[in-house]
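**Student:** here's a sequence, model it:
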Amino acid sequence: DLRARIDRILVGYSSGGDAISAAEIGVTGAMCAILNQAILPNLVQSREGTPAFVHGGPFANIAHGCNSVLATRMALSHAEYAVTEAGFAFDLGAEKFFDIKCRTAGLNPSAVVIVATVRALKMHGGVSLDALALPDPAAVEAGLENLAAHLDAAEKFAKPVVVAINLFSADTPDELRVVQSYCQSRGVACSPANVFGAGGAGALQLAEAVVAAADSAPSPLKTLYALDDDPEAKITTIATSIYGAKEVAILPTAKSKLRKAAKDGFGLLPICMAKTQDSLTDNPKLRGRPRDFTLTVRDVEIASGAGFLVALTGDLVRMPGLPEIPAAERIDVDSHGNIVGLS
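**Tutor:** Sure, this is the predicted structure:
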């Protein structure tokens, strides 16, 4: 599979405009040699000894946001339950997980876990970043529109859903009740998870809810669009049914590249949307659940080796960003061998 993917990487175009692949210039073997060991997933463990395969996982706003198929299959063969992450919320990570990864690999997940935080809901409810630690149940309630959008999107894939509330020390019981009551009103399982503060013991209730959801009657994999749909139609389907856009504006450069992609035999590939993670729109400043907006696709790239077309939206920096002061700078070990600076 690795060799086949490298073979079909689009290197460029000839002077006549024909697509040139890695196989045609004879570099597949050399690239296989470079990746010969890198293809092996890393078996690591949590601080409590829980095994985990770490492999891939590029951010969802710039790629597919999932770990490798190989790591997922290995995890499934080593445990009764395997949990994998599809990064950056349901609109980015999970949509790609279903429509790209699961479709391509023949995977069929049993349940979906949507992670929510009181802090994020307050932000989507209009609270500024410097005030997120202050109690504000009304802002949490206002921010529920954002959670509603993700739950509505998840329903389109017909899998049981569990909402995990990732706890922060500043969260109040009143704020948590707002989220729990809303989930109850929708018939969605919901559980707090104090993993950061209490480790695995802080997520036992969540684990039980996820097991119950995963053990429910299985359903076939459902995708959002068919691969033989027109590429523009695929983009429009994602934007309108997952993001909530009213329409899609595909700029001339992107339209031209989509036509060329189809002409060169890449029109049947799934779509990988490159979009900000800060909003359901392509504008990171629009919080909550914006409606009646237009999503603009400014460019398109062909990731023929990976097996998808990348639709670039908004003014997006595609390099993963770091904070001004990386967390690593505050982590250390004291004279007694205790790790400090993790909080």
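
**Student:** and the nearest residue to residue 73 once chain neighbours are set aside, how many neighbours?
**Tutor:** Nearest residue to residue 73, sequence neighbours excluded (Cβ to Cβ, 6 or more residues apart in numbering): residue 105, at 7.6 Å. C-beta coordinates here come from the backbone N, C-alpha and C atoms, glycine included. When neighbours are counted by other Cβ atoms under 10 Å, residue 105 registers 15.

**Student:** phi first, then psi, for residue 105.
**Tutor:** Backbone dihedrals for residue 105, given as degrees, to the nearest 10, come out at phi -100, psi -10.

**Student:** cool, and residue 66?
**Tutor:** When read as degrees, to the nearest 10, the backbone of residue 66 gives phi -120, psi 160.

**Student:** before we move on, back to that, OK, contacts around the residue nearest to residue 73?
**Tutor:** With contact taken as Cβ atoms under 8 Å, 6 or more residues apart in numbering, residue 105 is in contact with 69, 72, 73.

**Student:** so the second one is in contact with residue 86, correct?
**Tutor:** No: judged on Cβ atoms under 8 Å, residue 72 makes no contact with residue 86 at a distance of 10.8 Å.

**Student:** where do the helices of the stretch 51-200 of the chain begin and end?
**Tutor:** Assigned by DSSP state H, counting those that start in this stretch, the helices in the stretch 51-200 of the chain fall at 69-78, 95-96, 103-105, 118-124, 137-155, 173-185, 195-198.

**Student:** name the helices or strands packed onto the second one?
**Tutor:** In this case it means helix 95-96. Under the contact criterion of 3 or more Cβ pairs under 8 Å, 6 or more residues apart in numbering; DSSP states H and E, helix 95-96 touches strand 271-274.

**Student:** what helices or strands is the helix or strand just after the strand it packs on leaning on?
**Tutor:** On the C-terminal side of strand 271-274, the nearest following helix or strand under DSSP states H and E is strand 294-303. For strand 294-303, the elements it packs on are strand 247-250, helix 252-263, strand 308-313, judged by 3+ Cβ pairs under 8 Å, 6+ apart.
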